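Dropping the sequence and predicted coords here.
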Amino acid sequence: MTYHFSATIELPFDAAVAATIEALKRHGFGILTEIDVKATLKKKLDVDFRPYRILGACNPQMAYEALQAEDRIGTMLPCNVIVQQREGGKVEVSAVDPVASMMAVENPKLAEAATAVRAMLRQVIDEVGAAGSWKST
C-alpha cells in the first residue's frame, strides 16, 4: 500500500498552491500550517532547493471524530499535502493517505474516519489534477 496519492499538473507553482488550497477549502479543510521548505532550507542551511510547500490541512469535523475515537491521534494530525516543483515546468501535488498512516492504530472507529478523509483528499487531488494536463497516481 502506498502512503500518498498524487497528481502532476502543468500550472505555475504559486497557481498550483492556490488551486490546492481552494480545493481543500471546498472539501471542508482549513490550512493550519504552511511550510515553505525552499525558504526554510535556504535560511537554516544556506542551500538551494526547488519550490516545495507543505500544507498542514485539517477538516475540523473529521479531526473531532478522530480525537473522539483515539485521544492520542493528534500525533498524526494534520493531514499533510505537498506541492512541489518538478522538472519541465510540471508541479506535483500529493496528499497523505490517512488510511495507510493510521494502519498501526487498531481502532475500527478511527479506520472509518480515516477512510472518509481519504475519500475527501482523493477528491481534492483529482480536482487539482483537472486544472490542467495531469497524471494521477
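Structure received.

the residue most distant from the middle of the chain, which is it?
residue 46 (26.4 Å; C-alpha atoms, centre = their mean).

what about stretch 85-100, start to end distance?
Distance between the two ends of stretch 85-100: 25 Å, counting by C-alpha to C-alpha, to the nearest Å.

which other residues reach it?
1-13, 16, 20, 50-52, 57, 79-84, 111, 114-115, 117-118, 121-122, 124-125, 128-129 (C-beta atoms under 8 Å, 6 or more residues apart in numbering). C-beta coordinates here come from the backbone N, C-alpha and C atoms, glycine included.

Name the residues of that stretch that are buried.
Buried residues in stretch 85-100, counted by 16 or more other C-beta atoms under 10 Å: 85, 90, 91, 92, 93, 94, 95, 96, 97, 98, 99.

Okay, and which of the residues you listed map to strands?
85, 91, 92, 93, 94, 95, 96 (DSSP state E).

Correct me if wrong: residue 3 contacts residue 103.
No. Using C-beta atoms under 8 Å as the test, residue 3 is too far from residue 103 to be in contact (9.7 Å).
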